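Asker: What follows is a protein structure lacking sequence information:
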Ligand SMILES: Cc1cc2nc3c(=O)[nH]c(=O)nc-3n(C[C@H](O)[C@H](O)[C@H](O)COP(=O)(O)O)c2cc1C
């Protein structure tokens, strides 16, 4: 597939998935901030990966800003999070962070993330502590300061299935 696998990643979990996707699809992986407009214009498919920060995908600002370049091609967003990928709040956060004209045009896949507290920089550790103080759900509250590693290559399988279906439909049209 002619595409790009873009990522924003602070501690490497999202970057790892972007690289696995690049290996499987042949779409080069690169940081979101380094992609050139021409690369977006010529991409058949754009895969974007980012962490969840404060309940929202961290790349939705970038997506809104660049939507004109993305709008006429398939866009796949995946996120990594401390929360388990099947938590309904992740899809709610995705829905709340993008406007109605963009949201239905993006295929969204939450994936398992990694958060090792001692590896976070001080400001991020403080943010997590503040988040824990305001969190009302006792289970979520306890989980916010525990180490988590749910990064798993098999998580990309549904994304690969989706890309294969895109390839099949574009071959059918050719
Ligand atoms: C400042 C900060 C805020 C975070 N907020 C959330 C959150 O609201 N919900 C969640 O599930 N995970 C949250 N996380 C965990 C990250 O989404 C998770 O560790 C992710 O896999 C990190 O990806 P990366 O290694 O590519 O940066 C947060 C992490 C940091 C550092």
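Answerer: Perfect, thanks for sending it. Just so we're clear, the structure is a prediction, and the values are computed from it rather than from any experiment. Numbering: from 1, shown residues only.
Asker: any idea whether the closest residue to residue 57 other than its chain neighbours is helix, strand or coil?
Answerer: When the adjacent residues along the chain are set aside, residue 57 lies closest to residue 79, with 4.8 Å between them (Cβ to Cβ, 6 or more residues apart in numbering). Placement of C-beta: from N, CA and C, glycine included. Using DSSP: H, G, I helix; E, B strand; the rest coil as the criterion, the local structure at residue 79 reads strand.
Asker: Just the buried residues of the helix-or-strand element of the chain with minimal mean pLDDT, please?
Answerer: Among the helical and strand segments of the chain, the one scoring lowest on mean pLDDT, DSSP states H and E is helix 138-143, with a mean of 77. The neighbour-count check on helix 138-143 (16 or more other Cβ atoms under 10 Å) flags residue 143 as buried.
Asker: just stretch 73-90 next, same as before
Answerer: Counting neighbours by 16+ other Cβ under 10 Å, stretch 73-90 gives 73-83, 85, 90 as buried.
Asker: Any chance of CSV for the residues you listed, columns pLDDT and distance to residue 15?
Answerer: Compiled in CSV, these are given as follows (pLDDT from 0 to 100; distance: Cβ to Cβ, whole Å):
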residue, pLDDT, distance to residue 15
73, 94, 23
74, 96, 22
75, 98, 19
76, 98, 16
77, 98, 15
78, 98, 12
79, 98, 13
80, 97, 10
81, 94, 15
82, 90, 17
83, 89, 19
85, 94, 17
90, 94, 19
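Asker: who touches the helix or strand residue 4 falls within?
Answerer: Element membership for residue 4 (DSSP states H and E) is strand 3-7. Contact with strand 3-7 is made by 14-15, 17-19, 21-22, 25, 27-32, 35, 39-40, 43-50, 163, as judged by Cβ atoms under 8 Å, 6 or more residues apart in numbering.
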